[in-house]
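S.K.: Have a look; sequence and predicted model below, questions after that.
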Amino acid sequence: MVLKIMISPYLQNRSIPWLHNCKCSGFFLVADLPINKDVFHTANVLSSKWKRQEELMYIILYDILFGQEALLAGDAEKFLLQKKDVLQAALAKLLVRKKVKLVSDLTTSYKISDLPKPRYARVNTLKMDVESALLEFKKQYEVCQDAMVPGLLIFPPRTDLHDHPLVKSGSVFLQGKASSMVAVALGPKPRWEVIDACAAPGNKTVHVAALMKGNGKIIACELNKERVQRLKDTVKLAGATNVKVKHEDFLNMSPEDPAYSKTLM
């Protein structure tokens, strides 16, 4: 599920179906920063401890106000459940202030698409450690680490890094936060064997390779001929020597083949 991927650093080893598919499209609007920040600002319930985990709090807030409370069991969830009345009152005040009656109408009262988005870049730890990358970038840019995804750096909106030496050398990849969450959610370990079913262009593939510290084996499948070359270029740039690119449909690979008996898809 999308939510499990988003919050896995905080909620690892929980199998909680946070949102049904019918809610997912609404989640990214209703629970995105503008509305949730307004609710929390009005309610004024977050201590410094929980402010450091604000992404997690946004997700839990959604489920408290619009989802399934029965699925909420952790410390953060219990904390916000105790504040439910205050949060509901804050949402009601927000509806009044925005002069709308329905929560769904709130999304049109924010220019969400016009909000500046930060530039994200992921340090390729196969070639460089995070601290060294930070020191290098701080010579020229304002930059900080993302609190959720290890090795993911945050730059101001519209920061152009395409020609930066660290990017051109493959030491850093321009990769969005959502894309970077996938490998982290998987949590691969060194010596694992992994199949990436539709691997091109390869950013997630080489991220998995980095989390495996270049050990183990990754079979990266891609059906499209042009995209296979793009995948190979990405793997080479990243220095991901534990990745084997295969130009084929992974559906044709037999799960009964002994070669894949210990492989995670």
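M.R.: Looks like it came in fine. Since we're looking at a predicted model, the values are computed, not measured. Numbers count the residues shown, from 1 in each chain.
S.K.: Just the local confidence number for T159, please.
M.R.: Here the pLDDT value assigned to T159 is 95.
S.K.: got the contact list for it?
M.R.: Residues in contact with T159 (Cβ atoms under 8 Å, 6 or more residues apart in numbering) are 119, 141. C-beta coordinates here come from the backbone N, C-alpha and C atoms, glycine included.
S.K.: where are the low-confidence patches of the stretch 151-265 of the chain?
M.R.: For the stretch 151-265 of the chain, the stretches with pLDDT under 70 are 261-262, 264-265.
S.K.: What segments of it are strands?
M.R.: 152-155, 172-173, 193-196, 217-221, 243-246, 263-264 (DSSP state E, counting those that start in this stretch).
S.K.: what lines up beside the longest one in the sheet?
M.R.: With DSSP bridges as the criterion, the sheet partners recorded for strand 217-221 are strand 193-196 (parallel), strand 243-246 (parallel).
S.K.: mind checking which of these is nearest A259?
M.R.: Counting by Cβ to Cβ, A259 lies closest to strand 193-196 out of the strands paired with strand 217-221; the figure is 9.2 Å.
S.K.: Please state the offset of that closest one from the chain centre?
M.R.: Averaging C-alpha positions (Cα atoms, centre = their mean, to the nearest Å) puts strand 193-196 20 Å from its chain's average.
S.K.: Touching it from outside, list them.
M.R.: Strand 193-196 has contacts (Cβ under 8 Å, 6+ apart) with 186, 188, 204-205, 208, 212, 216-221, 250, 253, 260, 262-265.
S.K.: again, only this time at 7 Å
M.R.: For strand 193-196, the external contacting residues (Cβ atoms under 7 Å, 6 or more residues apart in numbering) are 188, 205, 208, 216-221, 250, 260, 262-265.
S.K.: Tell me where the stretch 51-200 of the chain has helices.
M.R.: In the stretch 51-200 of the chain, the helices defined using DSSP state H, counting those that start in this stretch lie at 54-66, 75-82, 84-97, 103-109, 130-137, 165-168, 177-186.
S.K.: which other helices and strands contact the last one?
M.R.: It refers to helix 177-186. Secondary-structure packing of helix 177-186 (3 or more Cβ pairs under 7 Å, 6 or more residues apart in numbering; DSSP states H and E): helix 2-7, strand 119-123, helix 203-211.
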